[in-house]
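*Asks:* Model the following, please.
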Amino acid sequence: QEQLDGGGLTLHSAVHRRAEVEAVARDIVRKTQDEGLRYRDLAVMVRNAPDYNDYITAVFADYGIPYFLDQKDAALHHPLVEFIRSALEIAAHGWRYEAVFRCIKTELLMPDDGRLTRESFDILENYALAAGIDGNRWLTRSQWKPLMRDTLDGDPAEAREPDIRLLEAV
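*Replies:* Numbering: from 1, shown residues only. You can find the predicted model right below:
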């Protein structure tokens with residue numbers, strides 16, 4: 001532990017991260033009890049937060065120290081980023097099933113009027129899987145037809161009313 005002049009900055013280093021966090025916790029307890037500081041008056045800064053988060057969570061809980069971990073979430077899986085990535089993948093590599101449904105599942109295509117819901121996108125996904133809609137088949141109108149069921153005799157059955165309604169919904 002090293003106390004630096006001006007501003008009450010204290011540096012801690014130890015043999016491993018847990019010992020370092022425990023030293024910080026003891027210092028926080030001392031500052032709140034002996035110097036009359038409040039928890040909100042204190043901040044702990046580390047070079048790489050993910051390396052310390054588990055230790056801070058465990059040690060601060062043991063010491064009864066309230067805390068808030070302020071860190072940036074990785075933007076890679078943010079819905080807008082995923083929407084843009086999957087839309088670009090669709091444009092660059094064709095209408096591959098995985099890219100189309102990653103784009104849809106961001107829910108950024110859902111209008112506010114309630115006409116389309118997550119359930120309607122689930123119906124579309126189930127239909128696309130059952131009908132083999134992938135790649136350029138998304139753009140080929142003849143691929144979009146009622147799902148046909150085979151009888152046990154191997155003869156194709158006629159499209160039933162529920163299958164026709166499903167296609168209309170899709």
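*Asks:* now the helices: where do they sit in the protein?
*Replies:* Across the chain, reading from the start of the chain, the helices by DSSP state H fall at 17-34, 49-63, 79-93, 97-105, 118-131, 161-169.
*Asks:* Tabulate those helices in JSON lines, adding columns for distance to residue 141 and mean pLDDT.
*Replies:* Backbone N, C-alpha and C define where each C-beta goes, glycine included. Listed next are the helices of the chain as JSON lines, based on distance: least, CB to CB, whole Å; pLDDT from 0 to 100:
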{"stretch": "helix 17-34", "distance to residue 141": "60", "mean pLDDT": "92"}
{"stretch": "helix 49-63", "distance to residue 141": "49", "mean pLDDT": "91"}
{"stretch": "helix 79-93", "distance to residue 141": "18", "mean pLDDT": "90"}
{"stretch": "helix 97-105", "distance to residue 141": "17", "mean pLDDT": "90"}
{"stretch": "helix 118-131", "distance to residue 141": "13", "mean pLDDT": "86"}
{"stretch": "helix 161-169", "distance to residue 141": "12", "mean pLDDT": "77"}
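*Asks:* Burial check on residue 19, number of neighbours?
*Replies:* The burial count assigned to residue 19 is 14, neighbours taken as other CB atoms under 10 Å.
*Asks:* And it, how close does it get to residue 35?
*Replies:* Distance check for residue 19 against residue 35: by CB to CB, to the nearest Å, it reads 23 Å.
*Asks:* repeat for residue 82
*Replies:* 47 Å.
*Asks:* So for those two, which residue has more residues nearby?
*Replies:* Shown here are residue 82 and residue 35; by other CB under 10 Å, residue 82 has more neighbours (17 against 9).
*Asks:* In contact with the more buried one, which residues?
*Replies:* In this structure, residue 82 makes contact with 102-103, 106, judged by CB atoms under 8 Å, 6 or more residues apart in numbering.
*Asks:* now the helices of the chain as TSV including distance to residue 11?
*Replies:* Putting the helices of the chain into TSV (distance: least, CB to CB, whole Å) gives the following:
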stretch	distance to residue 11
helix 17-34	10
helix 49-63	15
helix 79-93	36
helix 97-105	45
helix 118-131	50
helix 161-169	64
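*Asks:* could you dump stretch 92-111 to PDB, C-alpha only?
*Replies:* Listed in PDB are the C-alpha atoms of stretch 92-111, where the atom choice follows Å, rounded to 0.1, in the frame of the first residue of the first chain:
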ATOM      1  CA  ALA A  92     -22.700 -10.200 -49.200                       C
ATOM      2  CA  HIS A  93     -23.300 -13.900 -49.000                       C
ATOM      3  CA  GLY A  94     -26.900 -14.400 -49.900                       C
ATOM      4  CA  TRP A  95     -30.000 -15.000 -47.800                       C
ATOM      5  CA  ARG A  96     -28.400 -17.700 -45.600                       C
ATOM      6  CA  TYR A  97     -30.900 -19.000 -43.000                       C
ATOM      7  CA  GLU A  98     -28.500 -18.200 -40.100                       C
ATOM      8  CA  ALA A  99     -27.900 -14.600 -41.100                       C
ATOM      9  CA  VAL A 100     -31.600 -13.900 -41.800                       C
ATOM     10  CA  PHE A 101     -32.800 -15.200 -38.500                       C
ATOM     11  CA  ARG A 102     -30.000 -13.500 -36.500                       C
ATOM     12  CA  CYS A 103     -31.200 -10.300 -38.100                       C
ATOM     13  CA  ILE A 104     -34.800 -11.000 -37.300                       C
ATOM     14  CA  LYS A 105     -34.100 -12.000 -33.700                       C
ATOM     15  CA  THR A 106     -32.600  -8.600 -32.900                       C
ATOM     16  CA  GLU A 107     -36.400  -7.600 -33.000                       C
ATOM     17  CA  LEU A 108     -35.400  -4.300 -34.800                       C
ATOM     18  CA  LEU A 109     -37.600  -5.300 -37.700                       C
ATOM     19  CA  MET A 110     -40.700  -5.500 -35.500                       C
ATOM     20  CA  PRO A 111     -43.000  -2.600 -36.100                       C
END
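*Asks:* That concludes my questions; thank you for your assistance.
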